[in-house]
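1. when you get a sec, could you give me coordinates for this:
(chains A, B and C)
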Amino acid sequence: MPDLHTDPFLRVSNIEKTFGPEAVLHDVSLTLAQQRTLAVLGRSGCGKTTLLKILAGLETADAGRVVVEGEDVTDAPAQSRGIVYLYQEPLLFPHLDVFENVAFGLRLRGVDKQSIKEQVDRMIGDLGLRGQEQKRPNQLSGGQRQRVAFGRAVIVNPRLLLLDEPFASLDVETRALMQQLYTRIAEAYAITALFVTHDLKEALLMGDEIGHMRAGRLHVYPSRQAFINDPNSGVAQEVAFWERIKS
Amino acid sequence: MSTSEHPRRGGRIGAAVVAVACVAPFVYLLVLSFAERWAFPDVMPASWSGRFWVRALTGGALTGSFGISLVVSLLVAVVSTAAGFVTAKYVAYHRHRQRLLLLAYVPFAMSPVILGTCLMYLYLRAGLVGTVAGVVIAQTTFAYGYAIVLFTAFWSPRTKDLEALVYTLGGSPAQAYRRVLLPVAKGALLLCFFQTFLLSWFQYGLTLLIGAGKIQTLPLKVYDYVNEANPYNAAVASCLLVLPPVLMLWANKRALSSGGLQVSSSP
Amino acid sequence: MPDRTGLAGLLLFLLIAVGPIGFSLGYALLYSIGAVGLLSEGVTGGHWAKLFLEREIWQSFAVSVYVALVTVGATVVVALPLAVGFRRQLERGPLSYLMYAPLAIPSTVAAFIVFQTLSGAGFFSRIAYQAGWIQGTEGWPELVLDPWNIGVLVAHIGMAVPFFVLLFAQVYAQAGVPKLEQLARTLGAGRVQVVRRVTVPVVLRRSFENLVLLFVFVLGSYEVPLLLGQQSPQMVSVLTMRKYAMFDLTQKPEAFVIAIGYFLLASLLLVWAFRKPAEG
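-> Coordinates of the predicted model:
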């Protein structure tokens, strides 16, 4: 019987990755329980994307292991991991409309037509995209496209969802809407996720747990409070800024 | 406002002049092909006749050449497009992409006649000289270079991401090609097919060399008639030669205008 | 991910293109120094010496470079104003698709048409006669088979201009040149300055590789100089073919001297044109 303390849903151990002379990832480890979201904070170029790509199977690590649900997927090809990677820029299939984009993963699995229609309709409703089903990607706004990409990823019930700064290219209002949407859907579809961002507030809003990545090294805080209390996390400076403004 | 009307009218007249210039060569060829006698100093043919056309279409010589050219060019287009599509992926995502791309530019940019004289030794040893197969292979060598250059632009980082996306969603390579890569590549595949077809269709010097004058494609016929000082036959042959390209252009103006012209993809 | 189709692609490339051409160039080089060949008498530099000692070969290169250079220059001078001036008509309207029509005309036919229209008894000569400007075919200037290769130039320029009008128009739009021009104007530039400092440099820089490709194409052109060019000096492709196919087999090594020389020149140009820019 799996022990939830020694066998977490996701266990990443000692990942190393070097590109040429640079060590992009150094001894990166983390664990994540099911249906939890880990928000990873970090500036651009710190290795976040490389880590996600290694988890998804789009890159290979030089060392280290990735274990999901007790299964070692380190050397498994991307298509058999059940791990979906969401790009920063919403990458929709340009030759398919919204409905077909969302349905794509289901069609790959040979799901029957009726079932596809039901599931996709439900998802499109959850995404707030009713009426947009026949539209092509180039007819959608950035926020709408990101929603479609999100729905397409979630609908195949991935074991793990990897989001690479998905809301970075959106304006402030759309971003806020998307954050709420994510939280709602993550709960409704029982998603386990790794969420990468460079925005402090977003990390606090989206993450059940918070990690900080700097120069290829990852530090996961034991609790949200620990993160808030850490003088290096940047929270203190933000609070001080707003207090100064007030007075 | 009167001041802005002059440039606009001038622009329209200028555009009309340019448009006429674009069409003039075709008109000239047609007139010449239907002329019976058109000598100095007549600006218009003295007499007209359709007999050169009749003889061409029923005689067998020109229709035979048309047929050979069609078969050769279709083969060249299919093989070079398919091969180029696959090879370009390897080139585009390779570490030494620039160097490999430069290699592809050699058959693409360099004179087929000059390189052809060098290739003759191999073709003679292989017994391919004077055969249709030899001409097809030789022309494919050069069209292949073009196809690689064209498709290397298609296999972009974004295309790579699309492919990876299919994998993370659980798709196999076969599904990736069938459901995403091939549909998205449709425009590029079509464009490459047409361009490589034309490369082969228009080829003269290389066909003359490798075909040893035995494989009489249409361009060879045009040259023969020109050298025989029979401009009317040459005009008919020329009309047949430009007919498929004109049809293709007409059927695909959109495919060409959407970035199809930028022949060079920077390595 | 082991990519088996990729490996197949590479092998195909080597088999169909790189291998034969590479081998053939090696063979040509050996032939040109007398190491192999029907009449070879041992390794000699004699054939290569002819490149410098006899006029025929280097004059051939000189005339080829001349024709290529003038073609590229004239194409830019004609096509760029057309592309920018008729921007709107090239986007919409009859000119937007009629401009593609000349692309359907191959070298063979273009050479034929130029011959028919520019020769002494040709179309334009007849117009001049009817207008009373000349008295007979002798009055018409020598425009084909002439020492300045005017006919050859007209044919090449005529084929290149439509292609580059379309290319320049596309580059102009894609590079956002109108916005750059507006920007320059707000910075105080006059119309001529805008053209000189923004329009022309931006469009030409983006089209640079294609212009070098045009140069290399015209350099190795065959059908046009075959029909419209002089007997001597001939452009390199024509000369190579002549020396190769001649009954007199002693000329063959010289054909390969020209071939190797052309290959080196064209390769240098390609490498130069496609070198990676300093900026990332």
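
2. near chain C, which residues of chain A?
-> Counting by Cβ under 8 Å from any Cβ of the partner chain, chain A comes close to chain C at A:P77. C-betas here are computed from N, CA, C, even on glycine.

3. and if we set it to 10 Å?
-> A:G57, A:L58, A:T60, A:P77, A:A78 (Cβ under 10 Å from any Cβ of the partner chain).

4. mind giving me the ChimeraX select for the residues you listed, buried ones only?
-> If you want just the buried ones from those in ChimeraX, going by 16 or more other Cβ atoms under 10 Å in any protein chain shown, the selection is:
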select /A:57,58,78
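
5. of the residues of chain A next to chain C, which belong to helices?
-> Using DSSP state H, no member of the residues of chain A next to chain C falls within helices.

6. what about B:L103, neighbour count?
-> Residues lying near B:L103 (other Cβ atoms under 10 Å in any protein chain shown) number 20.

7. which ones are touching the closest residue to it other than its chain neighbours?
-> Spatial nearest neighbour of B:L103, excluding adjacent residues (Cβ to Cβ, 6 or more residues apart in numbering or on different chains): C:V18 at 5.7 Å. Shown in contact with C:V18 (Cβ atoms under 10 Å, 6 or more residues apart in numbering or on different chains): B:L100, B:L103, B:A104, B:V106, B:P107, B:T141, B:Y144, B:G145, C:L10.

8. pLDDT score for the fourth one?
-> The per-residue pLDDT reported for B:V106 equals 89.

9. one more: the last one?
-> Looking at C:L10, its pLDDT is 82.

10. which neighbouring elements make contact with the one helix or strand it maps to?
-> Using DSSP states H and E, C:L10 sits in helix C:4-13. On a contact count with 3 or more Cβ pairs under 10 Å, 6 or more residues apart in numbering or on different chains; DSSP states H and E, helix C:4-13 meets helix B:61-92, helix B:97-109, helix B:132-154.

11. residues in contact with that helix: which ones?
-> So helix C:4-13 is contacted by B:79, B:82-94, B:100, B:103-104, B:144-145, B:148, B:173, B:177, C:3, C:18-19 (Cβ under 10 Å, 6+ apart).

12. could you list the low-confidence segments of the stretch 151-280 of chain C?
-> The stretch 151-280 of chain C contains residues with pLDDT under 70 at C:276-280.

13. apply 90 and report the result again.
-> Along the stretch 151-280 of chain C, the model assigns pLDDT under 90 to residues C:170, C:172-201, C:206, C:230-232, C:245-255, C:257, C:273-280.

14. deepest of the helices and strands packed on helix C:4-13, which one?
-> Most buried of these by mean neighbour count (mean count of other Cβ atoms under 10 Å in any protein chain shown) is helix B:132-154; its value is a mean of 25.

15. just the angle between that helix and helix B:97-109, please?
-> 140 degrees (axes from the mean of the first three to the mean of the last three Cα atoms, to 10 degrees).

16. are helix B:132-154 and chain C in contact anywhere?
-> Yes: Helix B:132-154 reaches chain C (Cβ under 10 Å from any Cβ) through B:I137, B:A138, B:T140, B:T141, B:F142, B:A143, B:Y144, B:G145, B:I148, B:V149.

17. which ones are touching the nearest residue to A:P77 once chain neighbours are set aside?
-> Distances taken as Cβ to Cβ, 6+ apart place A:G57 nearest to A:P77, at 6.1 Å, with adjacent residues excluded. Residues near A:G57 by Cβ under 10 Å, 6+ apart: A:66, A:73-81, A:83, A:85, B:164, B:167-168, C:1.

18. buried among these? Need that as a selection in PyMOL.
-> The command below creates a PyMOL selection of those among the contacts of A:G57 that count as buried (16+ other Cβ under 10 Å):
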select buried, (chain A and resi 66+73+74+78+79+81+83+85) or (chain B and resi 164+167+168)
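
19. now intersect the contacts of A:G57 with the strands, please.
-> Among the contacts of A:G57, the members falling in strands (DSSP state E) are A:V66, A:I83, A:Y85.
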